[in-house]
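Trainee: predicted coordinates and the sequence they were generated for:
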Amino acid sequence: MAGLLGAAVIKTAQNALRLYHFWNDLTGLGKLWTFFGGERAINSIEDGAYRIQSGFSRWFSSTAKQTAQLVEEEVVQFTSLVLGIVTIVLIAMDMDTKKDGLLQAMDIIMLISSSLQVLAVVAGWVLAAATAAGADFRDPITKFVEDKARPDGLYIENPMQAPDYITTVPPDEQTPSLPGLTFKGPLLPATTVHGLDSKIAPAFLRLGDGNGHVELVDKVDFTANTIWSMETDPWGKSLIYTRRMTKDATTGYVAYTLWYLGTDQDKNVIVRTMPKPSSNDAWKSAVATIQWQVDLQEPPKTKTENNKTSILSVKARIQKDGLDLGRIVHIDGKPAEKLALVDLEQYRKKADNYKRIAAMGYGALKQLREGLEDVPYFLWELNMQAIGPGAFAYDRKAWELTDQTTNDRIRPRFENDPSSGLKWSISPALDAADFELVTQGTDAGTVKQKEGVKPKVTSEPPIEYTVTCTLNKDGEDKVSHISTFTLSVVAQPS
C-alpha cells in the first residue's frame, strides 16, 4: 500500500512539474491530459526535451520519448569522455623512453588528442551549466509577443478562428453580392462500422415557423429563413443568426426580430431572441447559450475575378461544449432525428471497442451492436449565397399624375433587404417617351418619369403594371417575386 501511495505522489509531482514548465505551450485539453498523466501533448512540443535546464527537473519531468532522446545524446558525450580517459591511461602505461622515436611521437600525438577530447566534453558541460540560467529558449514570435506586444496591449488572447475567412463578395453589375450563408448538412457519420451502414441526404438549416423552432429543409428559398448571418468575436466564439419581419395587421407597423441559433437548458437546438443588453444578468446567461465554435476542416473554395479572390464556401465543424451540431441517423430505417448536439467521441469509442472484439474472433456482441445503431452525423458546408427579393410592394399602389407633373417616381419596399444585382422587368411595357424602369444601381426597381418630361394623359381606367424582380446567379434564375401598381395621368385642372 505504501508503495502505491509513493508511486502516486511521485507521478503527481512529475505531472505538476511538466505543467509548470510547459503551461504556455499546452492547449486546455492538453493541460487536462497532462494533469492526468498523458504524455502525448508534452511529446508534441518542439524541443521540449531541452527546454528544462535544471538537471534533476529535466530527467524527472521528461516523458519516455524525451528521455530516450536525452539519453541518446548524453550517452554519446559520456562515451566520448570515457574513451578519452581510457586512451590516456593506456598510453601512460605504455610510455617507454626506449621505444623508437617514431612510436614515441605517435604516443604523444594520441595523448594530446585524447586530452583535448576530454577537455572539450568537460568544457561543454561547464559552459552549458554556466549559461543555462540566462538562456532564452523561446522562439522569435513568442519572444516578441511576450516582451513587446502583450505589455503594450497589442496582443489579442485567443486569436480569431476559421470564420474570419468568410467574407462578403462585393457586388458588380453582373454578380449579386453574397451577404449571407447557407448551412448544409450534416454531411458525415462519426465513423463507419462494417455492417452498420447509415445514410442521410444533407439538408439546409431553416428558421422554423414557430417561436424557438429551427428545422432542416431540402431547398434554399433565398430568403432570410434559409440564409443566415455569422459573426465571430476575437475569442473565436461565433453567433449564427437571421431575422424575421413581423407586420401588425391593424397598424401596418413593420418590425424585425433577430433569431439566434442556440440551445436550451436541456441542450436541445433551438433559435431564440436576446434580452436587452440593459438586463445584464439575463443577457450574459443568454449569450452563453448562443455561442458556437466553428472550425474549418479543409481549405475553402474560392473564386478569383479581376485578380481578387473571394471565399465562396467552406466545410466546418460547429461545436458547443465539445459536442457537435448534427443529428442522429438510425440504421433501422426510422426517420432521422431533428437537430441536436451529438457526442462523436463517445460513439467512436464504442465503435472501436466493437471492432476490437470482432477482430478477436468473439463475434459481434448484440449489446455492443445495439449501441451503434444510432449514428451521429456532423460537419457542415457553409456557402455564401445571395438573398432573393422576397415579397415587395411599391410605396404607392395607385400612382396618379397630372400632365404637368415632372420628375416623380415610385420605389419598391422589400420585406427583407435583398442582394444587389437583381433582374427587373415590367409588363406591359411603359411609354418609353415618358417613363422608365431603373434596372441597375441603388435605385434598381424604381419606376420614374423621364427627366424633365411632362407625361401624356392616359385613358381610363388606370393601367395596371406588373413588375418582376428575379435573383439570377451563375446564369440561372433562382427565385422571382412580383408586385403590381396602377398608373394614371389626368389633365391638370385650369
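Mentor: Everything's here; your move.
Trainee: so where's the stretch 201-350 of the chain uncertain?
Mentor: Applying pLDDT under 70 to the stretch 201-350 of the chain flags residues 247, 249, 252, 254, 277-279, 309, 333.
Trainee: what segments of it are strands?
Mentor: In the stretch 201-350 of the chain, the strands defined using DSSP state E, counting those that start in this stretch lie at 203-207, 214-217, 229-232, 237-247, 254-263, 269-272, 292-296, 301-305, 308-320, 323-330, 340-342.
Trainee: tell me what the first one is packed against?
Mentor: Taking 3 or more C-beta pairs under 8 Å, 6 or more residues apart in numbering; DSSP states H and E as contact, the helices and strands that strand 203-207 lies on are strand 180-185, strand 214-217. For every residue, glycine as well, the C-beta is placed using N, CA and C.
Trainee: ok, and what's touching it?
Mentor: By C-beta atoms under 8 Å, 6 or more residues apart in numbering, the residues outside strand 203-207 that reach it are 182-185, 213-221, 224-226, 228, 242, 244, 259, 261, 271, 339.
Trainee: can you pull out the strands in the stretch 351-494 of the chain?
Mentor: Under DSSP E, counting those that start in this stretch, the stretch 351-494 of the chain gives strands at 374-378, 380-385, 392-394, 398-402, 409-410, 412-414, 423-427, 435-437, 447-449, 463-473, 476-490.
Trainee: columns mean neighbour count, mean pLDDT and distance to residue 281 on top of these, output as a markdown table?
Mentor: What follows is the strands of the stretch 351-494 of the chain, written out as a markdown table (neighbours: other C-beta atoms under 10 Å; pLDDT from 0 to 100; distance: least, C-beta to C-beta, whole Å):
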| stretch | mean neighbour count | mean pLDDT | distance to residue 281 |
| --- | --- | --- | --- |
| strand 374-378 | 23 | 91 | 33 |
| strand 380-385 | 23 | 90 | 32 |
| strand 392-394 | 18 | 92 | 41 |
| strand 398-402 | 16 | 94 | 52 |
| strand 409-410 | 17 | 95 | 48 |
| strand 412-414 | 17 | 89 | 37 |
| strand 423-427 | 15 | 94 | 49 |
| strand 435-437 | 19 | 96 | 53 |
| strand 447-449 | 19 | 95 | 51 |
| strand 463-473 | 17 | 91 | 43 |
| strand 476-490 | 16 | 91 | 43 |
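Trainee: walk me through the domains of this structure.
Mentor: Split into domains by automatic domain parsing, the chain comes to 46-132, 162-385, 392-490.
Trainee: list just the one of the ones you listed that sits closest to residue 140.
Mentor: With C-beta to C-beta, the closest approach to residue 140 among the domains of the chain belongs to domain 46-132: 13.3 Å.
Trainee: follow-up on the earlier one: would a markdown table of the helices and strands packed on strand 203-207 with distance to residue 410 and mean neighbour count be doable?
Mentor: Shown next, in a markdown table, are these (distance: least, C-beta to C-beta, whole Å; neighbours: other C-beta atoms under 10 Å):
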| stretch | distance to residue 410 | mean neighbour count |
| --- | --- | --- |
| strand 180-185 | 28 | 22 |
| strand 214-217 | 35 | 17 |
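Trainee: who wins for proximity to residue 446 among these?
Mentor: Smallest distance to residue 446 across those (C-beta to C-beta): 24.1 Å, for strand 180-185.
Trainee: contact partners of the closest one?
Mentor: Applying C-beta under 8 Å, 6+ apart, the contact partners of strand 180-185 are 166, 202-205, 220, 224, 226-230, 240, 242, 318, 326, 377-387.
Trainee: mark which of those are buried, thanks.
Mentor: By the neighbour-count criterion of 16 or more other C-beta atoms under 10 Å, the contacts of strand 180-185 include these buried positions: 166, 202-205, 220, 224, 226-228, 230, 240, 242, 318, 326, 377-387.
Trainee: what's opposite residue 399 in the beta bridge?
Mentor: Beta-bridge partners of residue 399, counted by DSSP bridges, are residue 487.
Trainee: what residues does it make contact with?
Mentor: 408, 410, 447, 485, 486, 487, 488.
Trainee: repeat that for 6 Å
Mentor: Counting by C-beta atoms under 6 Å, 6 or more residues apart in numbering, residue 399 makes contact with 410, 485, 487.
Trainee: again with residue 470
Mentor: Applying C-beta under 6 Å, 6+ apart, we find residue 470 in contact with 423, 477, 480.
Trainee: out of the strands of the stretch 201-350 of the chain, nearest to residue 494?
Mentor: strand 254-263 (41.4 Å).
Trainee: SS state for residue 92?
Mentor: Going by DSSP: H, G, I helix; E, B strand; the rest coil, the secondary structure assigned to residue 92 is helix.
Trainee: ok, it to residue 115 distance?
Mentor: Plainly put, residue 92 is 11 Å away from residue 115 if you go by C-beta to C-beta, to the nearest Å.
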